[in-house]
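Engineer: with the sequence up front, the predicted model follows.
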Amino acid sequence: GDVVVTEAGFGADLGAEKFMDIKCQQAGLTPSAAVLVVTVKSLKYNGGVPKGELLTENRTALRAGLVNLERHVENLGKFGVPVLVAINHFEGDSEGEINDVLEACSNLNVPAAISKVWAEGSAGGQELASELNKLLNNSGTSHFAPLYEKDLDISSKINKIVREIYRGAEVNFSPAAKRSLAVIERLGLNDLQVCLAKTPYSFSDQPRLLGAPEGFTIGVRDITLSLGAGFAVVITGNIVTMPGLPAKPAAEGLWMDEDGEIHGLV
């Protein structure tokens, strides 16, 4: 196709960083642009609204949470690619809240588009696709470069990500992590990329540290090797490397009536 779109994962500090620094380096890819997906709910959450109150309009909290959006835009800019903000629209979003996000994007000098695919399917994505095409047709706007050089040692790569993407002050390596670094050094594997396993809720390794925190310490518990994939997995904070599943699976609420109609798909 003329345009290839990939969903790189959660957050410019996680999915985008791994896509740019691992996948693009290994596959020789040069992305032309980045689409940063935001929601009104996530911005209000970063502004201090509890999860149970996110459907209630709260423009004060949303404006406070916009620092999180600004940080993600800044992070993507470090890779030299132009950014388009996609506002993933949901039924409970107020017009005032949407306008606050659009105004913030204008102040950041990045284009934005509202995506209504949740309610309208592909027709709801036409505005977003149009704005992305405009960005792609503006030749010469992408100057992609990964964040770190491959010949840096593993410790230096970790520190660079923590300082430049997370905005942390330092990295605290546990005794186990230090032993792993020594093994990597002894095996001559410092040319591996690094895949940091971290909470998706914060730029730090602390899920409740919301917004755009700075100056914190990232704790590295251990480092494991995924040699087939070509990277070292850096385990930070209280995190597991497999996606978590709910205590009660959604499948328990699904059922089919005698007419063959499925219920519980909400």
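Structural biologist: Received it, and whenever you're ready, just let me know what you need. What you see is a predicted model; the values in this text were computed from it and never measured.

Engineer: in three-state terms, label L210 for me.
Structural biologist: coil (DSSP: H, G, I helix; E, B strand; the rest coil).

Engineer: now swap in S155 and tell me
Structural biologist: Put simply, S155 is helix when judged by three-state DSSP.

Engineer: how about the helices in the stretch 101-250 of the chain?
Structural biologist: Taking DSSP state H, counting those that start in this stretch as the criterion, the stretch 101-250 of the chain carries its helices at 117-120, 126-137, 154-161, 175-187.

Engineer: from the ones you listed, which stretch is densest packed?
Structural biologist: Comparing these by mean neighbour count (mean count of other CB atoms under 10 Å), helix 154-161 ranks first with a mean of 20. Where you see a C-beta, it was placed from the backbone N, CA and C, and this is true even at glycine.

Engineer: identify whichever of the helices of the stretch 101-250 of the chain lies nearest to E103.
Structural biologist: helix 126-137 (16.4 Å; CB to CB).

Engineer: which strands and helices sit next to the closest one?
Structural biologist: Applying 3 or more CB pairs under 8 Å, 6 or more residues apart in numbering; DSSP states H and E, we find helix 126-137 packed against strand 83-88, strand 112-115.

Engineer: and that helix, how far out from the chain's middle?
Structural biologist: 21 Å (CA atoms, centre = their mean, to the nearest Å).

Engineer: dump that helix to CSV, restricted to CA.
Structural biologist: Taking Å, rounded to 0.1, in the frame of the first residue of the first chain, the C-alpha atoms of helix 126-137 are listed here in CSV:
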residue,chain,number,x,y,z
GLN,A,126,-11.8,10.0,7.6
GLU,A,127,-10.8,13.3,9.3
LEU,A,128,-7.8,11.6,10.9
ALA,A,129,-6.7,9.9,7.7
SER,A,130,-7.0,13.2,5.8
GLU,A,131,-4.8,15.1,8.3
LEU,A,132,-2.3,12.3,8.3
ASN,A,133,-2.1,12.4,4.5
LYS,A,134,-1.4,16.2,4.7
LEU,A,135,1.4,15.5,7.1
LEU,A,136,2.9,12.8,4.9
ASN,A,137,2.7,14.9,1.8
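
Engineer: that concludes my questions; thank you for your assistance.
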